[in-house]
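[1] Sequence and predicted structure, then a few things I'm wondering about:
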Amino acid sequence: MRQSQLFTKARKEAPADELAKNAKLLIRAGYVDKLQAGVYTYLPLGLRVLKKIENIIREEMNKAGGQEIFMPTLQPKENWKTTGRWETMDDLYKVSDTSGRENALGPTHEEIVVPLVKQFVSSYRDLPFSAYQFQNKFRMELRAKSGILRGREFMMKDMYSFHTDEEGMVKYYEEMKKVYTRVFTRVGIGTTTFLTYASGGSFSKYSHEFQTITPAGEDTIYICDKCHIAVNKEIIEDLKSACPECGGKNLRTETSVEVGNIFELRTRFSEPFNLSYKDEEGKEQMVVMGCYGIGLGRVLGTVVEVLGDEKGLVWPEAIAPFRVHLVDLSAGNEEVSTYARALYTELNACSIETLWDERDLRAGEKFAESDLLGIPLRIVVSKKTIDDGGQVEIVDRKTGQVRMVDRAEVFKIADGSFTVGLSD
RNA sequence: CGGGGUGUAGUAUAUCGGUAGUACGUCUGCUUUGGGAGCAGAUAGGCCGAGUUCGAUUCUCGGCACCCCGACCA
């Protein structure tokens, strides 16, 4: 994409009232726009990142056998009455239309997915399976905060699994722990994200959260480095400050943000909707459920919190909006301009996503903005690089390492065999 | 929801009970071109409502919005 055609523009300064690093950087760089507290627009660059995160999650969910669906936001009051949550869920948005009909704006989708699958499940032969979706959730947070980390409307992946018995559900649940670990590794926060024991609420003994260490978080976790797991604040007392896996008491305290969670729902929702099946003997049994959530915006914001530096955003390759930022310093020089255009065309031909900054601006401005945008590899083309024997300069955004390389070498990026900053 | 803070141009800010100033941005022109460059010109602002006052952006009250702390967060 040509940067001159991008309708958003980077700003020099962040809004004064934003304190959260993720909000400051994402707004400055033109990735998101705040409409109101906890409600954000994803602009072209931000949406590209969000979609990449979405696709990684989609791949992993599909691998785990998940079937993608898309359920409505507008949900009839009756469904929520059935589970009792119309009254008990404090952060439920309730809307009524001119006919007086009341609906909930979905904060989660058990109330929808359970009646849905009830239509299709009647025998043990129909189980198990899992269904998931990417959907905007609405939660009336009394206090939206921390930029995009805690919003009132946010994109979430929610998956629901259905099983004949607890054993099958637990097996799948255990599998999902691994799937989630893979997701967070792939989006670039693997080393700072911990499977965390949390309170099971009304459903089971424990649930599990995925917590990423960052001072921007609002949770406290206790990490057992030996087992590479953590325990959250709510249950650390119950566990007598010991690791639930090895019993060790040598736990490290960290501030963290919850990027995902998995719950054993068991029959909490199958009961009220009477979601049952006939077993091998023809006996009626309750379907056993699990559910698995990941907040996409929160993952994006967390990556910014963890990796962003004083110059701006820093994206892991897997979720960067573009792979290459082609900084063209031709400044009206035909030779340089032609060279840059040809390079851009070739990069596109190799399917290397490239943002070409062909705007007529001074170099300093372009570099500063390039740093802000955080695209992993910067390729600089200028009079200087051309006079240097037709080489280009490649800069690794993360490490700041600079290398002059032969032009042909640039295209090794296409098959991943070339990365700046790695050993020579 | 309890407490605290802040509302002035697109952004960041200054001043003031009496014509609202600066920087950045944006627009025009010229120069410049490896770290947010220069010159000239232009553009654009007092959150909303009520009260006090000859006069309110400024003082008072109410509302709203945003940020922070707490509570809450299947």
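    Yep, it's here.
[2] State the helix or strand in which residue A:394 lies.
    Per DSSP states H and E, residue A:394 falls inside strand A:391-396.
[3] Quick one: list the elements packing against that strand.
    With contacts defined as 3 or more Cβ pairs under 8 Å, 6 or more residues apart in numbering; DSSP states H and E, the packing partners of strand A:391-396 are strand A:377-381, helix A:383-387, strand A:402-406, helix A:407-410. (Each C-beta comes from the backbone N, C-alpha and C, glycine too.)
[4] residues in contact with it?
    Residues outside strand A:391-396 that contact it (Cβ atoms under 8 Å, 6 or more residues apart in numbering): A:343, A:376-382, A:385, A:401-407, A:410, A:419-421.
[5] and if we set it to 10 Å?
    A:324-327, A:329, A:339-340, A:343, A:367, A:370-371, A:376-382, A:384-386, A:401-407, A:409-410, A:413, A:418-422 (Cβ atoms under 10 Å, 6 or more residues apart in numbering).
[6] Keep only those residues that also lie close to RNA strand B.
    Near RNA strand B, judged by Cβ under 7 Å from any atom of the strand, the entries from the contacts of strand A:391-396 are A:329, A:367, A:371, A:380, A:381, A:382, A:384, A:385, A:402.
[7] where's the residue lying closest to residue A:115 once chain neighbours are set aside relative to residue A:383, distance?
    In this structure, residue A:115 finds its nearest non-sequential neighbour in residue A:273, 5.4 Å apart by Cβ to Cβ, 6 or more residues apart in numbering. To residue A:383, residue A:273 is 70 Å away according to Cβ to Cβ, to the nearest Å.
[8] In terms of neighbours, single out the busier of the two.
    Using other Cβ atoms under 10 Å as the criterion, residue A:273 and residue A:383 rank with residue A:273 on top: 19 against 14.
[9] Can you tell me the element residue A:327 falls in?
    Per DSSP H and E, residue A:327 falls inside strand A:324-328.
[10] hey, where'd the helices end up in chain A?
    Per DSSP state H, chain A carries helices over the ranges A:21-28, A:44-63, A:77-83, A:85-88, A:110-118, A:166-186, A:233-236, A:270-273, A:296-307, A:334-349, A:363-373, A:383-387, A:407-410.
[11] out of those helices, deepest packed?
    Among these, helix A:296-307 has the highest mean neighbour count (mean count of other Cβ atoms under 10 Å), at a mean of 26.
[12] Just to check, residue A:316 is in contact with residue A:308?
    No. Counting by Cβ atoms under 10 Å, residue A:308 is not a contact partner of residue A:316; they are 11.7 Å apart.
[13] circling back: local confidence estimate at the residue nearest to residue A:115?
    We have a pLDDT of 97 for residue A:273.
[14] same deal with residue A:410?
    pLDDT at residue A:410 comes out at 85.
[15] measure it to residue A:366 for me?
    19 Å.
[16] Ok, residue A:3 next?
    9 Å.
[17] who touches both of those two?
    Residues touching both residue A:3 and residue A:366 (Cβ under 10 Å, 6+ apart): A:325, A:327, A:328, A:357, A:359.
[18] I'd say residue A:58 and residue A:179 touch.
    No. Counting by Cβ under 10 Å, residue A:58 sits too far from residue A:179 to count as a contact (11.9 Å).
[19] what is in contact with those two at once?
    By Cβ under 10 Å, 6+ apart, the residues touching both residue A:58 and residue A:179 are residue A:66.
[20] top strand in chain A by residue count?
    For chain A, the strand with the greatest residue count under DSSP state E is strand A:252-266.
[21] Give me the buried positions along that one.
    Buried positions in strand A:252-266, judged by neighbour count with 16 or more other Cβ atoms under 10 Å: A:254, A:256, A:257, A:258, A:259, A:260, A:261, A:262, A:263, A:264, A:265, A:266.
[22] which one among the residues you listed gets closest to residue A:194?
    Nearest to residue A:194 among those: residue A:256, at 7.5 Å, using Cβ to Cβ.
[23] who's in contact with that closest one?
    A:192-194, A:196, A:209-221, A:223, A:230, A:232-233, A:302.
[24] So chain A: which segments form each domain?
    When chain A is parsed with automatic domain parsing, its domains come out as A:11-307, A:322-415.
[25] okay, the residue in the stretch 301-424 of chain A that RNA strand B sits nearest to: pLDDT?
    Taking Cβ to the nearest atom of the strand, RNA strand B has its nearest neighbour within the stretch 301-424 of chain A at residue A:364, 2.0 Å off. We have a pLDDT of 93 for residue A:364.
[26] Could you check how far it is from residue A:370?
    11 Å.
[27] And residue A:65, by the same measure?
    42 Å.
[28] Tell me where chain A is predicted with low confidence.
    Confidence mapping of chain A against pLDDT under 70 gives the ranges A:201-204, A:414-424.
[29] looking at it, which residue lies furthest from center?
    Going by Cα atoms, centre = their mean, the residue of chain A most distant from its centre is residue A:281, 43.8 Å out.
[30] Phi first, then psi, for that one.
    Reported as degrees, to the nearest 10, the phi and psi values for residue A:281 are phi -90, psi 10.
[31] Quick check: residues of the stretch 101-250 of chain A near RNA strand B?
    Contact residues (Cβ under 7 Å from any atom of the strand) of the stretch 101-250 of chain A with RNA strand B: A:108, A:139, A:141-147, A:150, A:158, A:201-203, A:218-219.
[32] Report the buried members of the residues you listed.
    Using 16+ other Cβ under 10 Å as the burial test, these include A:108, A:139, A:144, A:146, A:147, A:150, A:158, A:203, A:219 as buried.
[33] okay if I get those residues as JSON lines plus distance to residue A:242?
    Shown next, in JSON lines, are those (distance: Cβ to Cβ, whole Å):
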{"residue": "A:108", "distance to residue A:242": "32"}
{"residue": "A:139", "distance to residue A:242": "33"}
{"residue": "A:144", "distance to residue A:242": "36"}
{"residue": "A:146", "distance to residue A:242": "31"}
{"residue": "A:147", "distance to residue A:242": "35"}
{"residue": "A:150", "distance to residue A:242": "30"}
{"residue": "A:158", "distance to residue A:242": "32"}
{"residue": "A:203", "distance to residue A:242": "23"}
{"residue": "A:219", "distance to residue A:242": "19"}
